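[1] got a predicted structure plus its sequence, pasted below:
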Amino acid sequence: MSQVVSDIVTFAHPPVVEVVAGVAFDGLGAEAGALLAAFWKEHLRQQFPSLQQQPPYFPPDEQFPVEARASGVNLSFGVPPVVRLWAQSSDGQELLQLQPGWFACNWRKVQPEGTYDRWRNRRQSFQRHFQALSDYISAEGMGQLKVRQCEVTYINHIAPSASWSRHDKFFDVFTVSLQGDVPHPFEQMAIQAQSILIRDDEPYGRLYTKIFPAFGMDGKTPLYVFELTARGAPQGEGVEGALAFLDLGREAIDRTFFALTTQPVHGDWGFEP
């Protein structure tokens, strides 16, 4: 089982603004919302005092081969609506998502001086809280949660630096190239891609990459949002199987982020080889 817990690429000043480690699981029906609220009250309230209700999240199921993937809307009748609870820390930096069939651990940069606390801490936080939820559900006589799919997301805000200052400097930030000459200069660009994650010659998930232009909180400062999500099957049973995928997915994200950004911006972020 993978035990990759260190960061593959290290920056002194990483542009990470949010990290999400989550799992989709079977074993709880929509009616279990009250049970999740009780779990928050009994086990999480002191560390995560704020509780909010959000619309449900239903991650798509990654299937292989590609031909097996089906799109459509699943309609269910006669069951309670699914509720997703957000349990937030006092400073808003940490967030747990509790939903029948979905659990996630978020870290968010909420203050300008905030700094990403690295994958080891994110991994430990996910492991601790998901294990506590699993134990609680089992103790309540609901059986064992069966992890069906895992997901890890990194969201980066790439702000102007010594290497670039305007949206039309896309190629000063990213290594993506275009073949052939274009008759007019680009003012800005957006990229969206989907990759297959392969291990031992077998696909085990997908990596989704998005790059798009945006502006800072002042509405004037240009930035590029670089979002990467790895999603796929657990690499074993229980919490350890989920962690094994999250490690592999985070490694794929790390390597892809480094490969698609230029050496000058690596220097701006304080690259430590």
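    Sure, I can see it. Residues are numbered from 1 along each chain as shown.

[2] so how far is V225 from the closest residue to I211 other than its chain neighbours?
    Excluding the flanking residues, the one nearest I211 by Cβ to Cβ, 6 or more residues apart in numbering is I191, at 4.2 Å. From N, CA and C alone the C-beta is placed, and that goes for glycine too. Between I191 and V225 the distance is 11 Å, computed by Cβ to Cβ, to the nearest Å.

[3] and V152, by the same measure?
    In terms of Cβ to Cβ, V152 sits 17 Å off from V225.

[4] ok, those two, which is more surrounded?
    With neighbours defined as other Cβ atoms under 10 Å, V152 and V225 compare such that V152 has more, 30 against 16.

[5] residues contacting that one?
    Counting by Cβ atoms under 8 Å, 6 or more residues apart in numbering, V152 touches 19-22, 229-230, 246, 249-250, 253.

[6] and the residues you listed, which two are furthest apart?
    Between any two of the contacts of V152, the greatest separation by Cβ to Cβ is 13.9 Å, found for G22 and I253.

[7] G27 contacts L145, correct?
    Yes - assessed by Cβ atoms under 8 Å, G27 is found in contact with L145 at 4.5 Å.

[8] count of neighbours near the spatially closest residue to H43 that is not a sequence neighbour?
    Nearest non-adjacent residue to H43, counting by Cβ to Cβ, 6+ apart: A132, 5.8 Å away. Using other Cβ under 10 Å, A132 has 13 neighbouring residues.

[9] what sits opposite V19 in the beta ladder?
    In this entry, V19 is beta-bridged to W107, Y154, by DSSP bridges.

[10] and S71, what pLDDT?
    S71 carries a pLDDT value of 45.

[11] still on that earlier bit, which ones among the contacts of V152 map onto strands?
    Members of the contacts of V152 lying in strands (criterion: DSSP state E): 19-22, 229-230.

[12] thinking again about what came up before, shared neighbours of I191 and V225, anything?
    210-212.

[13] just the buried ones from these?
    I211 (16 or more other Cβ atoms under 10 Å).

[14] and the nearest residue to F64 once chain neighbours are set aside, what are its phi and psi?
    Closest residue to F64 apart from its sequence neighbours, by Cβ to Cβ, 6+ apart: P203 at 4.8 Å. Main-chain torsions, P203, degrees, to the nearest 10: phi -70, psi 140.

[15] does P203 touch A233 like I think?
    No - with contacts counted by Cβ under 8 Å, P203 stays clear of A233, the gap being 9.4 Å.

[16] check contacts around the residue lying closest to H167 once chain neighbours are set aside.
    Using Cβ to Cβ, 6+ apart and skipping the chain neighbours, the partner closest in space to H167 is Q188 (3.9 Å). By Cβ under 8 Å, 6+ apart, the contact list for Q188 reads 167-168, 170, 213.

[17] which residues touch Q93?
    Q93 touches 107-110, 114, counting by Cβ under 8 Å, 6+ apart.

[18] filter those residues down to the buried ones.
    107-109.

[19] closest one of these to P81?
    Using Cβ to Cβ, the buried ones among the contacts of Q93 come closest to P81 at R108, 26.2 Å.

[20] relative to E251, how far out is the closest one?
    If you go by Cβ to Cβ, the gap between R108 and E251 works out to 22 Å.

[21] got it, and Q46?
    According to Cβ to Cβ, Q46 stands 33 Å off from E251.

[22] try W107
    18 Å.

[23] ok, now P60?
    On the measure of Cβ to Cβ, P60 and E251 end up 22 Å apart.

[24] neighbour count for the two, which is higher?
    Between P60 and E251, counting by other Cβ under 10 Å, E251 is the more crowded of the two (20 against 12).
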